[in-house]
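> Quick one, fold the following:
(chains A and B)
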Protein chains: 2
Amino acid sequence: MSELRWHPLRREWVITATHRQDRTFLPPPGHCPLCPTQPGAEPTEIDRPDFDIVVFENRFPSLSERPPRPAVEGTDLTPVASAFGRCEVVVYTPRHDITLAEVDVRRIRHLIGVWADRTRELGAVEGVAYVYVFENKGESIGVTLHHPHGQIYAYPAVPPVPAQESAAAREHRDQTGGCLWCGLMEQEERDGRRLVLRSEHWQAVVPSYARWPYEVHLTARRHAGWLHELTPSEVEDLARTLKALLLKYDRLFGFSLPYVMAVHQRPTDGGDHDAYHLHIEFYPPNRTERKLKYLAGSEAGAGAFINDTLPEETAARLRELPPQDAAELVDADELVDPEGRPLVGA
Amino acid sequence: MSELRWHPLRREWVITATHRQDRTFLPPPGHCPLCPTQPGAEPTEIDRPDFDIVVFENRFPSLSERPPRPAVEGTDLTPVASAFGRCEVVVYTPRHDITLAEVDVRRIRHLIGVWADRTRELGAVEGVAYVYVFENKGESIGVTLHHPHGQIYAYPAVPPVPAQESAAAREHRDQTGGCLWCGLMEQEERDGRRLVLRSEHWQAVVPSYARWPYEVHLTARRHAGWLHELTPSEVEDLARTLKALLLKYDRLFGFSLPYVMAVHQRPTDGGDHDAYHLHIEFYPPNRTERKLKYLAGSEAGAGAFINDTLPEETAARLRELPPQDAAELVDADELVDPEGRPLVGA
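I've put the predicted structure just below:
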């Protein structure tokens, strides 16, 4: 059962998806549904012994192309709608024990191509208002499967965050004629204190208004709206910059840092979103090596975020960690030592 | 150091409060700063051997009446403001090892009076736009001190959630002439499936649009805006209904349930908020006895909440747990057994 219920106080759709309660939860080693199927063994979700990148529909989708009839009837105050849309899983390596940071540049470039293709295809589906590419990483962020993977959601309505961002950008453009993100990038280049990584086509900063201690925004220097608008050299540069950022993250505390990675693209609902500018936001939950930032009373109940760190300091810390230049990353196979162990921080 | 930084994409203030990084974190038994000071022992935050309820300024405040000068200068795109306001701690029992559910009705009634007094006093301070009473409970919600306590924040701007709610209520009133919460309450009374507790002056439901599995909204039946507007019998009834709800929560999985309790009162910024209706929202993080709901990719990055449960089912489960009638709760001392152990679920 799955449906959309209107929240009349916050004015947003809440997705009710009860079948997800029974989804696979941290399966033991040897029972990973995202590993390749070994010859003669129990089949996994991926029915082949090896693969580069696979995309398939989530077995426990919140949104689907043929959604069930809602379990309750709506009212004027609390409308109910079908949970139309699509939830996809993107498995970008057959290796169970590595992370996106350890995947080689060639594969990340390919992955960005997959994200772009899926965005174009899903965004063209009638009724899809927003295509959202994201990755949840780490148990402290709530992942239920350890095998590295990302997800793609195609929503039937523009979700609150991109809707807010698009409205802010539209208003800024109407008032100034300029792009909000282009203006912010220029400001960060000039100021310099919050820069984490600079490459030809991308800029990574801890924004001055970071809500999470090590939050990073990775923004396209050109005013593009979707991944499928990127040129090959912008994709190449994104692959290296993304990997460089994730390597910095893993070196921050000496362990593979959990995060939410949120790819913010332009909505596909046909509205006026030209002011919207492609960027990727990263929210690691750690405020120190051992302490997490929780969304408690002030954040969850009032919406007022408290950041216990200074963006100028966290940016400096990330900036000083290697690699300082994304261009130095090699376009090799996955970075592993001779025993096949991943070279974390190598 | 503490300041407000404007988030131009989400259009909200983020509070930067770096000194809080070093706040007291889960102190060992015998070193609780919220316990009474024992004669001859190291003084705690509360310099007396016993107390009923004490309120004092947070030692690590995010907002203060004499805020420091901001660490960075603002710009047109990213303004910076002083972190004016006040953060208070409300310790409502000298007992370290009980919870609000176990506190007796008399003391809860007194506590509501304290919340009301502080709301009136802080709300009258020039520059305070919103008074927010809340409680974070449980390590899984991120509490750093186990001694039961609540908090009160006086914000210099209406935070996003009450601002959204007030705008929704104002628009509803302008369109229909009625109150949004009064309309929702009437709908829930009629429907019945999502009712958790009904008392003369209060209604507790799992709203049809719950974002958390066992989210409950406790709403005043009368269109009041602030706690200090409640009549003595409304306060009395709230004390019993609140305690009854928390006892149900603790019986749900057989352990003391973590939650965020958010008291949503009318803003105090002098704006048009007459349509705003006093209510208390509870967000327990558990989706099952052992699994938590995380705010991951869809929630944190897109703002789209996914609830893995059906509100009609979670409400029925809570409704069936004792006590089913708040009026049966006794106005006794704290409920303890003869050895002084709290009577959880007694």
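> what does the stretch 1-150 of chain A have sitting close to chain B?
Within reach of chain B by C-beta under 8 Å from any C-beta of the partner chain, the stretch 1-150 of chain A has these residues: A:1, A:5-18, A:20-21, A:25, A:62, A:71-72, A:75, A:77-78, A:80, A:130, A:132, A:134-136, A:141-143. Using the backbone N, CA and C atoms, a C-beta is placed for each residue, glycine as well.
> let me fix that: the stretch 201-346 of chain A
In this structure, the stretch 201-346 of chain A approaches chain B at residues A:207-211, A:260-262, A:264, A:281, A:283, A:287-288, A:291-298, A:300-313, judged by C-beta under 8 Å from any C-beta.
> ChimeraX command for the buried members of the residues you listed?
Selecting in ChimeraX just the buried members of these, where the criterion is 16 or more other C-beta atoms under 10 Å in any protein chain shown, is done with this command:
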select /A:207,208,209,210,211,260,261,262,264,281,283,287,291,293,294,295,296,297,298,300,301,302,303,304,305,306,307,308,309,310,311,312
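> quick one: which of the residues of the stretch 201-346 of chain A next to chain B sit in helices?
Assignment to helices by DSSP state H places the following of these there: A:Pro311, A:Glu312, A:Glu313.
> need the contact list for the first one.
For A:Pro311, the set of contacting residues under the criterion of C-beta atoms under 8 Å, 6 or more residues apart in numbering or on different chains consists of A:Arg194, A:Val206, A:Pro207, A:Ser208, A:Tyr209, A:Ala210, B:Arg5, B:Thr16.
> what's the answer for the last one, then?
Applying C-beta under 8 Å, 6+ apart, we find A:Glu313 in contact with B:Thr18.
> what about it, distance to A:Asn307?
11 Å (C-beta to C-beta, to the nearest Å).
> Just the ones in strands from the contacts of A:Pro311, please.
Among the contacts of A:Pro311, the ones falling in strands (DSSP state E) are B:Arg5, B:Thr16.
> TSV for the contacts of A:Pro311, including distance to B:Tyr153 and pLDDT?
TSV is the format used below for these (distance: C-beta to C-beta, whole Å; pLDDT from 0 to 100):
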residue	distance to B:Tyr153	pLDDT
A:Arg194	27	98
A:Val206	25	98
A:Pro207	23	98
A:Ser208	22	97
A:Tyr209	19	98
A:Ala210	20	98
B:Arg5	17	98
B:Thr16	15	95
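> For the contacts of A:Pro311, give me CSV that also has distance to B:Pro94.
Converted to CSV, the contacts of A:Pro311 look like this (distance: C-beta to C-beta, whole Å):
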residue, distance to B:Pro94
A:Arg194, 46
A:Val206, 43
A:Pro207, 44
A:Ser208, 43
A:Tyr209, 40
A:Ala210, 39
B:Arg5, 39
B:Thr16, 34
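> if you count residues, which helix in chain A comes out on top?
Selection of the longest helix in chain A by residue count, based on DSSP H, yields helix A:232-252.
> Could I get the full set of strands for chain A?
Under DSSP E, chain A gives strands at A:2-7, A:12-17, A:54-57, A:80-82, A:86-91, A:130-137, A:150-155, A:195-198, A:202-205, A:216-220, A:259-264, A:279-283, A:306-307.
> Out of those, which gets nearest to A:Cys32?
Proximity of those to A:Cys32 was assessed by C-beta to C-beta; the nearest stretch is strand A:86-91, lying at 10.1 Å.
> Who does that closest one pair with, and is each partner parallel or antiparallel?
Applying DSSP bridges, strand A:86-91 is found paired with strand A:54-57 (antiparallel), strand A:150-155 (antiparallel).
> In CSV, list the ones you listed along with mean pLDDT, mean neighbour count and distance to B:Asp174.
Rendered in CSV, the data for the strands paired with strand A:86-91 read as follows (pLDDT from 0 to 100; neighbours: other C-beta atoms under 10 Å in any protein chain shown; distance: least, C-beta to C-beta, whole Å):
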stretch, mean pLDDT, mean neighbour count, distance to B:Asp174
strand A:54-57, 97, 15, 43
strand A:150-155, 98, 24, 29
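> Could you dump the ones you listed into a markdown table and include distance to B:Gln175?
Shown next, in a markdown table, are the strands paired with strand A:86-91 (distance: least, C-beta to C-beta, whole Å):
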| stretch | distance to B:Gln175 |
| --- | --- |
| strand A:54-57 | 40 |
| strand A:150-155 | 27 |
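> what's the closest of those to A:Asp325?
If you check each of the strands paired with strand A:86-91 against A:Asp325 by C-beta to C-beta, strand A:150-155 wins as the nearest, at 25.6 Å.
> how much space between A:Leu329 and chain B?
The span separating A:Leu329 from chain B equals 25 Å under the rule C-beta to the nearest C-beta, to the nearest Å.
> which residues does that residue contact?
When the contact criterion is C-beta under 8 Å, 6+ apart, the partners of A:Leu329 are A:Val105, A:Arg240, A:Lys243, A:Ala244, A:Pro323.
> Distance of the residue sitting furthest away from the middle of chain A relative to chain B?
When each C-alpha in chain A is compared with the mean C-alpha position (C-alpha atoms, centre = their mean), A:Gly40 comes out farthest, at 35.1 Å. Using C-beta to the nearest C-beta, A:Gly40 is found at 33 Å from chain B.
> again, but for A:Pro49
Distance of A:Pro49 to chain B, given as C-beta to the nearest C-beta: 30 Å.
> That residue: neighbour count?
Neighbourhood size, A:Pro49 [other C-beta atoms under 10 Å in any protein chain shown]: 11.
> show me what contacts it?
For A:Pro49, the contacting residues are A:Pro36, A:Thr37, A:Gln38, A:Pro39, taking C-beta under 8 Å, 6+ apart as the criterion.
> and with 10 Å instead?
Taking C-beta atoms under 10 Å, 6 or more residues apart in numbering or on different chains, we find A:Pro49 in contact with A:Pro36, A:Thr37, A:Gln38, A:Pro39, A:Ala41, A:Pro94.
> mind listing which of those residues are in helices?
Among those, no member falls in helices (criterion: DSSP H).
> Looking at those residues, state which has the most neighbours.
Taking other C-beta under 10 Å as the neighbour criterion, A:Pro36 ranks highest of the contacts of A:Pro49 with 20 neighbours.
> Let me know the closest of the contacts of A:Leu329 to B:Pro156.
Top of the list for closeness to B:Pro156, among those and by C-beta to C-beta, is A:Ala244 at 38.8 Å.
> Grab the nearest non-local neighbour of that closest one.
Counting by C-beta to C-beta, 6 or more residues apart in numbering or on different chains, A:Ala244 lies nearest to A:Ala326, which is 4.0 Å off, once chain neighbours are set aside.
> Tell me, how many residues neighbour A:Arg190?
When neighbours are counted by other C-beta under 10 Å, A:Arg190 registers 8.
> actually A:Leu195, sorry about that
Using other C-beta under 10 Å, the number of residues around A:Leu195 comes to 17.
> how close does it get to A:Ala315?
In this view, A:Leu195 and A:Ala315 are 7 Å apart by C-beta to C-beta.
> joint contacts of those two?
Taking C-beta under 10 Å, 6+ apart as the contact rule, the neighbours common to A:Leu195 and A:Ala315 are A:Glu188, A:Ala204, A:Val205, A:Val206.
> Test my guess that the last one contacts A:Leu245.
Which is A:Val206. No - applying C-beta atoms under 10 Å, one finds A:Val206 not in contact with A:Leu245, separated by 11.0 Å.
> Mind listing the shared neighbours of those two?
Counting by C-beta under 10 Å, 6+ apart, the shared contacts of A:Val206 and A:Leu245 are A:Val196, A:Val216, A:Phe282, A:Leu318.
> I figured the first one hits A:Pro323, correct?
No - using C-beta under 10 Å, A:Val196 makes no contact with A:Pro323, being 11.4 Å away.
> any shared contact partners between the two?
Jointly contacting A:Val196 and A:Pro323 under the rule C-beta under 10 Å, 6+ apart are A:Ala244, A:Leu245, A:Lys248.
> Including neighbour count, could those residues go into JSON lines?
Converted to JSON lines, the shared contacts of A:Val196 and A:Pro323 look like this (neighbours: other C-beta atoms under 10 Å in any protein chain shown):
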{"residue": "A:Ala244", "neighbour count": "26"}
{"residue": "A:Leu245", "neighbour count": "24"}
{"residue": "A:Lys248", "neighbour count": "25"}
